[in-house]
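[1] Quick one, what's the 3D model for this:
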Amino acid sequence: MKILLVQPAKPEKALGGEDFSIFEPLALEYLAAGVAPDHDVRILDMRLDPDLGSHLRDFRPDVAGITSYTVHVNTVNRLFQQIKAFNPETCTVVGGHHATVRPEDFYIPFIDQIISGEGVFAFREAMVRLEKNLALSEFPGAACLENGAILIHQGDKDLDLDAFLFPRRDLTAAYRQSYFSEWMRPLASIRTSKGCHFRCQFCALWKLTGGRYLTRKPECIIEELGTIQEDNVFFADDESLLDTARMGVLAGLIQESGIRKRFFLYGRSDTIAHHPDLLEQWKKAGLERVFVGLEFMKDQDLRSVRKGSTVENNEKALHILKDLGIDIWPMFMIRPEFDRKDFTDLRKYCLGLDLDFIGFSVLTPLPGTDLYDEVRDRLINTNFDYFDFFHTLLPTKLPLEDFYRELASLFKRSRSLRNQIKLMRKYRPQELSSLFKAYGKLMKRLKTLEQDYPV
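    Residues are numbered from 1 along each chain as shown. A predicted model of the protein is given here:
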């Protein structure tokens, strides 16, 4: 069979996303690796190639599968409508994070199958049954919906991550030079773990594994790293450093193997603060950059979202990373109830941290999170196009116009000119033009974002 797997682009109204980073569609590459080798599988990355119609005409797929985060829901549903209009006989399959946490948003006539949970094995079985004309409803975890579609739920609690074949990176060969995160380009991705022990109120990822932290054997990771051509590698984990003993072994094996890569991963501030020796070891193994969710500048705010860390840990982690010369990608959350003093205090606090880069997002109640369940009756916007971590979904204390002007000011004034120049020096000269263009676009949109809301 001909199988077309699609990575959707963010909707036009959404901010951020591929304007500043495009990670390879690892989930689709895993799906492609999981099906029988006699299938003809293609991956279309619409963030880089938006012309779905030409691929439908040229490839004429028997199956079209699309992955979706929450911000993509409306886009994905429209894409399936386009696919069915082109050929009603094409089997349409949706999966990904949103299909897992709220599959009912895909109960539309243009979708034949919804895969909830880790999709590799379920998708493979679905393709086997489709090819043999067998009833998918008899597959364990499958249920028939009223509209005739099939919902397949596969739990993630007992996954063996080493049972997956390596992702089919050959299917994204045409795009690989365009995968990046800020100055790290081209950038490959690898999954080394899944899940998290912590119970952050704003996160749903820990729920997908029942609070378990699933890991791959370091030896398997080394083997896969040996197949990756790019010099820059992102660890596409929910949280990379939780199992510190395992990560120490992996860093040692990387050094012993002679692998020379520049790594980018997620790390909690408390893990970094309590294990400086591990970060030193990873620096020697090639760790270039760490994403650290600092979230807030006050312990009471950290406790309110059950972060499980402290401001002291945040500041100690930053100190450790600076001393090691590891680039820091810190993120703060902006509460909708922030007033002008809160914005001013955060700006001054950030200036005192002396960081080259600081990111800000608006606290967003995503479906599947405890936060969403607590505040869903207060949402002022339920359009999935706006679930982008910039559009507020909750009422703001300040008028919307003032809220977004303060947020734009945070982005512009939370770092010194010296730090901003240091950041620009990380980019190649030919990349600066696109950086300034993307940043200018973000600032312009932030200052007028209140116009996206009904009066």
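[2] quick one: the residue nearest to residue 413 when sequence neighbours are not counted and residue 341, what's the gap?
    Nearest non-adjacent residue to residue 413, counting by CB to CB, 6 or more residues apart in numbering: residue 347, 5.7 Å away. Where you see a C-beta, it was placed from the backbone N, CA and C, and this is true even at glycine. Noted for residue 347: a distance of 11 Å to residue 341, by CB to CB, to the nearest Å.
[3] elements contacting the helix or strand harbouring residue 270?
    Residue 270 belongs to helix 269-274 when assigned by DSSP states H and E. Packing contacts for helix 269-274, counted by 3 or more CB pairs under 8 Å, 6 or more residues apart in numbering; DSSP states H and E, involve strand 287-295, helix 311-324.
[4] Show me the one of those that comes nearest residue 432.
    Nearest to residue 432 among those is strand 287-295; the distance by CB to CB comes to 18.8 Å.
[5] Report the inter-axis angle for that closest one versus helix 311-324.
    160 degrees (axes from the mean of the first three to the mean of the last three CA atoms, to 10 degrees).
[6] contact partners of strand 287-295?
    The contact list for strand 287-295 (CB atoms under 8 Å, 6 or more residues apart in numbering) reads 184, 232, 262-269, 272, 279, 301-302, 305, 307, 314, 317-318, 321, 326-333.
[7] Ramachandran coordinates for the closest residue to residue 431 other than its chain neighbours?
    In space, and not counting its chain neighbours, residue 431 is closest to residue 183: 7.0 Å by CB to CB, 6+ apart. Torsion angles at residue 183 (phi, psi; degrees, to the nearest 10) stand at phi -80, psi -10.
[8] Tell me, how many residues neighbour residue 183?
    Here the number of neighbours of residue 183 (other CB atoms under 10 Å) works out to 19.
[9] picking up where we left off before, give me the more crowded residue out of residue 347 and residue 341.
    residue 347 (19 against 8).
[10] residues near residue 119, how many?
    By other CB under 10 Å, 25 other residues sit near residue 119.
[11] Is it in contact with residue 28, as I believe?
    No: assessed by CB atoms under 8 Å, residue 119 is found out of contact with residue 28, at 9.7 Å.
[12] Pull out the buried residues from the longest helix anywhere in the chain.
    If you go by DSSP state H, the chain has its longest helix at helix 432-447. When burial is assessed from 16 or more other CB atoms under 10 Å, helix 432-447 yields the following buried residues: 442, 445-446.
[13] export these to JSON lines and tack on pLDDT and distance to residue 215?
    Formatted as JSON lines, the buried residues of helix 432-447 follow (pLDDT from 0 to 100; distance: CB to CB, whole Å):
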{"residue": "442", "pLDDT": "92", "distance to residue 215": "36"}
{"residue": "445", "pLDDT": "92", "distance to residue 215": "39"}
{"residue": "446", "pLDDT": "92", "distance to residue 215": "39"}
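[14] For the stretch 301-450 of the chain, just list every one of the strands.
    327-334, 359-362 (DSSP state E, counting those that start in this stretch).
[15] Point out the one among those that comes closest to residue 89.
    Among those, strand 359-362 comes nearest to residue 89, with 42.0 Å by CB to CB.
[16] Which residues does that closest one contact?
    Outside strand 359-362, the residues that reach it (CB under 8 Å, 6+ apart) are 329-334, 336, 389-392, 407, 410-411, 414.
[17] got a list of what the residue nearest to residue 446 when sequence neighbours are not counted touches?
    Leaving out its chain neighbours, the residue that sits closest to residue 446 by CB to CB, 6+ apart is residue 408, at 4.1 Å. Residues in contact with residue 408 (CB under 8 Å, 6+ apart) are 443, 446-447.
[18] coming back round to it: next SSE after the helix holding residue 270?
    Next along from helix 269-274, by DSSP H and E: helix 276-285.
[19] got the angle between that following helix and helix 311-324?
    Taking the same axes, to 10 degrees, one finds helix 276-285 and helix 311-324 inclined to each other by 30 degrees.
[20] just how off-centre is helix 276-285 within its chain?
    With CA atoms, centre = their mean, to the nearest Å as the basis, helix 276-285 stands 25 Å off its chain's centre.
[21] end-to-end on stretch 61-75?
    Start-to-end span of stretch 61-75 (CA to CA, to the nearest Å) is 20 Å.
[22] and residue 50, how many neighbours does it have?
    For residue 50, using other CB under 10 Å, the count is 12.
[23] Help me confirm that it comes into contact with residue 7.
    No: with contact defined as CB under 8 Å, residue 50 does not count as touching residue 7 (11.1 Å).
[24] Show me the domain layout of the chain.
    As assigned by automatic domain parsing, the chain contains the domains 2-154, 161-452.
[25] Output the below-cut-off pLDDT ranges for the stretch 101-250 of the chain.
    155-157 (pLDDT under 70).
[26] those helices in it, which residues are they?
    Per DSSP state H, counting those that start in this stretch, the stretch 101-250 of the chain carries helices over the ranges 120-131, 205-208, 218-225, 244-257.
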